[in-house]
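Student: My questions concern the predicted model and sequence given below.
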Amino acid sequence: MKRPNILFLMCDEHRFDVLGYAGNSVIRTPVLDSLASQAVVFENAYTPSPICIPARQCLMSGQYPKHCNCLEYSDDLAPGYMTFARHLSFYGYETVACGKLHHMGPDQMQGWTTRIGGDTQVAPRYIALSGDVSPVKDTSGTGKWSDIQEIKRAGVGPRCRTQSADAFTLEGALNFIQDRFVDAYYDRPNALQPLLLKVGFNRPHYPYFTSEAAFSYYLNRVPIYCEEPSIEHPFLNRHGVRVGCDVTEREIRRATAAYYGMIEEADADFGKIITALENAGQNIDDWIVIYTADHGEMLGQHGIWEKQQFFEASVRVPLFIRCPKKYGVHKVYQNVGLCDLFATLCDLTDVPIPDNLDSRSLLPLLKNDSSAKNRDNEVISHFKDMGGYANLMIKRDFLKYQYYGETSTEILFDLQRNPEETINYIDDKKYAEPIKEFRLRKRDLGY
């Protein structure tokens, strides 16, 4: 059996609803829209953690944060950990990562046979002569701006670190495609080994800067969140940005326009990768193409920016898998998670699925099998906040249960009844039975 090539495209902090194919009439994403039009689109896909690094390590390991020991910002997988890149390489795949992986530990490869791009940085706490995690503390601070400062500085700007890294990623991906599939100089292309090519951009992660052309187009078109009702809760209200007090409505609009602009730019760069493959003689219909993001972006909804929340804008992600010759075109509405991609990649490539994963293959949903209707419809997301307290989300069908460790408080959203996520139904007797089941599941998970 000839195993398929896989193109895994990924952005950082891409809201699920800022895509043309998702019904957004303002954003211009023709490349992703075209791919999605011939794909299986997962309408309810969720991150296992609404924080960059844990989300990415859970994606790679096919495990929830507690099981792969990645619950906080600087946590990384242990050296030699079983990732889907490592596992597929055992079965003959060339696994190539261009751009952002966000590893912070000493094993910067984590199973990839080739890495291209500048995203290689080891956190100080991992530097130790023994090879163990170092007790050394980084006292210099993160250098991170507040959300307020990010918003105030948003707009047209010189190419910053985010754009520079993505330009390097794109150039590396294009060079790799040329060398592997064409190699006009030596005329010995290495196209026989099956390939997993992952291209990960930083955009649209803040800082909110974009080109003048994109910024001008979006500035007076983007929808903005200015008078959003906030939900009374000590964690959810902790890092709010107040319009008219902390920032102006105009500054909110500028930041949102820049965010949209970065998505359009990333979409155009994905188009360059598709074109390069086609120019190299590849038929993209013979490939499996995946697109997703590590988490979303609140964009001021409920008065909150960035992520680290279990609101849909933060925890829900775009996801589609394109392989039209085998799986056709349809939408899937069951709850799925990024952890599920490990087992899915195994099934798509006819590779055995390792034990001890939290990953559930999406293949039955891709095939639209009748058996998929009986699939467990639960997804889980959790993380530790800056205070070290564990927070948990469990979603089943339309119900989203949340537990916040610092205050031992609970929230229940019913997305069918209240998609705006403004009403906490935790004390509503109508939900007594599902709340009981959620609490039992919370206990099983160790909370």
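Tutor: Arrived safely, thanks for sending. Numbers count the residues shown, from 1 in each chain.
Student: Would you map the strands across the stretch 1-150 of the chain?
Tutor: 6-11, 40-42, 45-46, 94-99, 114-116 (DSSP state E, counting those that start in this stretch).
Student: Show me the shaky parts of the stretch 251-400 of the chain.
Tutor: Within the stretch 251-400 of the chain, the ranges that satisfy pLDDT under 70 run 373-374.
Student: which of the strands of the stretch 1-150 of the chain is buried the deepest?
Tutor: Ranked by mean neighbour count, these are led by strand 45-46 with a mean of 26 (mean count of other Cβ atoms under 10 Å). The way it works is simple: take the backbone N, C-alpha and C, and place the C-beta from them, glycine included.
Student: What's the mean pLDDT across it?
Tutor: Mean per-residue pLDDT for strand 45-46: 98.
Student: quick one: the strands in the stretch 251-400 of the chain?
Tutor: Using DSSP E, counting those that start in this stretch, strands in the stretch 251-400 of the chain cover 288-293, 316-317, 319-322, 330-332, 336-337, 378-384, 390-396, 399-404.
Student: Including mean neighbour count and distance to Leu277, could the ones you listed go into TSV?
Tutor: Below are the strands of the stretch 251-400 of the chain laid out as TSV (neighbours: other Cβ atoms under 10 Å; distance: least, Cβ to Cβ, whole Å):
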stretch	mean neighbour count	distance to Leu277
strand 288-293	23	10
strand 316-317	27	24
strand 319-322	25	13
strand 330-332	15	25
strand 336-337	25	27
strand 378-384	24	32
strand 390-396	22	36
strand 399-404	22	39
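Student: Is it possible to get those out as a markdown table so that each row also shows distance to Arg439?
Tutor: A markdown table is the format used below for those (distance: least, Cβ to Cβ, whole Å):
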| stretch | distance to Arg439 |
| --- | --- |
| strand 288-293 | 31 |
| strand 316-317 | 23 |
| strand 319-322 | 29 |
| strand 330-332 | 28 |
| strand 336-337 | 21 |
| strand 378-384 | 14 |
| strand 390-396 | 10 |
| strand 399-404 | 8 |
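Student: Ok, which of these comes nearest Phe176?
Tutor: When the strands of the stretch 251-400 of the chain are compared by Cβ to Cβ, strand 288-293 sits nearest Phe176, at 16.6 Å.
Student: Might you report the residue contacts of the residue most central in space within the chain?
Tutor: Centroid check for the chain by Cα atoms, centre = their mean gives Asp294 as the closest residue, at 1.4 Å. The contact partners of Asp294, taken as Cβ atoms under 8 Å, 6 or more residues apart in numbering, are Met10, Asp12, Glu13, Thr47, Cys52, Ala55, Arg56, Leu59, Val317, Leu338.
Student: any idea how far Asp183 is from Asn279?
Tutor: To Asn279, Asp183 is 14 Å away according to Cβ to Cβ, to the nearest Å.
Student: Buried residues, the longest helix anywhere in the chain. List them.
Tutor: Determined from DSSP state H, the single longest helix within the chain is helix 249-279. Neighbour-count burial for helix 249-279 flags 251-267, 269-271, 273-274, 276-277 (criterion: 16 or more other Cβ atoms under 10 Å).
Student: That helix vs strand 6-11, what angle?
Tutor: For helix 249-279 against strand 6-11, the angle between stretch directions is 170 degrees (axes from the mean of the first three to the mean of the last three Cα atoms, to 10 degrees).
Student: and helix 249-279, what does it pack onto?
Tutor: Applying 3 or more Cβ pairs under 8 Å, 6 or more residues apart in numbering; DSSP states H and E, one finds that helix 249-279 contacts strand 6-11, helix 30-36, helix 147-152, strand 155-156, helix 161-181, strand 209-210, helix 212-218.
Student: so which of the ones you listed comes closest to Leu101?
Tutor: Leu101 lies closest, by Cβ to Cβ, to one member of the helices and strands packed on helix 249-279: strand 6-11, at 9.5 Å.
Student: what's next to that closest one, contact-wise?
Tutor: 100, 195-201, 203-204, 263, 266, 270, 273, 277, 284, 287-294, 345, 348-349.
Student: Report the strands that pair with it, each with its relative direction.
Tutor: Sheet partners assigned to strand 6-11 using DSSP bridges are listed as strand 195-200 (parallel), strand 288-293 (parallel).
Student: could these go into CSV alongside distance to Tyr126?
Tutor: CSV is the format used below for those (distance: least, Cβ to Cβ, whole Å):
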stretch, distance to Tyr126
strand 195-200, 21
strand 288-293, 26
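Student: out of those, which comes closest to Ile224?
Tutor: The minimum distance between Ile224 and these falls on strand 288-293, with 20.9 Å, by Cβ to Cβ.
Student: where's the closest one relative to the chain centroid, distance-wise?
Tutor: 10 Å (Cα atoms, centre = their mean, to the nearest Å).
Student: do stretch 244-262 as well
Tutor: 23 Å.
Student: Same question for stretch 230-250.
Tutor: For stretch 230-250 - counting by Cα atoms, centre = their mean - the centre lies 24 Å from the chain centre.
Student: what do you get for stretch 180-199?
Tutor: 28 Å.
Student: Could you give the number of residues near Phe181?
Tutor: Using other Cβ atoms under 10 Å, the number of residues around Phe181 comes to 18.
Student: Quick check: it touching Ala191?
Tutor: Yes: under the contact definition of Cβ atoms under 8 Å, Phe181 touches Ala191, with a separation of 5.3 Å.
Student: returning to what we had before: out of the strands paired with strand 6-11, the one nearest Val18 is which?
Tutor: Here strand 288-293 is closest among the strands paired with strand 6-11 (Cβ to Cβ), at 10.2 Å.
Student: which residues touch that closest one?
Tutor: Counting by Cβ under 8 Å, 6+ apart, 4-14, 32, 35-36, 39, 45, 270, 317-323, 338, 341, 348 sit against strand 288-293.
Student: and if we set it to 6 Å?
Tutor: 4, 6-11, 14, 35, 317-323, 348 (Cβ atoms under 6 Å, 6 or more residues apart in numbering).
Student: Could you list the low-pLDDT ranges of the stretch 101-250 of the chain?
Tutor: In the stretch 101-250 of the chain (pLDDT under 70), the answer is 128-143, 158-159, 238-239.
Student: ok, now which ones touch Phe209?
Tutor: Contacts of Phe209 by Cβ under 6 Å, 6+ apart are Gly157, Cys160, Ala258.
Student: Sorry, wrong one. I was asking about Ser381.
Tutor: So Ser381 contacts Tyr46, Thr47, Pro48, Ser49, Val315, Met393 (Cβ under 6 Å, 6+ apart).
Student: and these as JSON lines, adding distance to Tyr81?
Tutor: Converted to JSON lines, the contacts of Ser381 look like this (distance: Cβ to Cβ, whole Å):
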{"residue": "Tyr46", "distance to Tyr81": "22"}
{"residue": "Thr47", "distance to Tyr81": "19"}
{"residue": "Pro48", "distance to Tyr81": "15"}
{"residue": "Ser49", "distance to Tyr81": "16"}
{"residue": "Val315", "distance to Tyr81": "24"}
{"residue": "Met393", "distance to Tyr81": "24"}
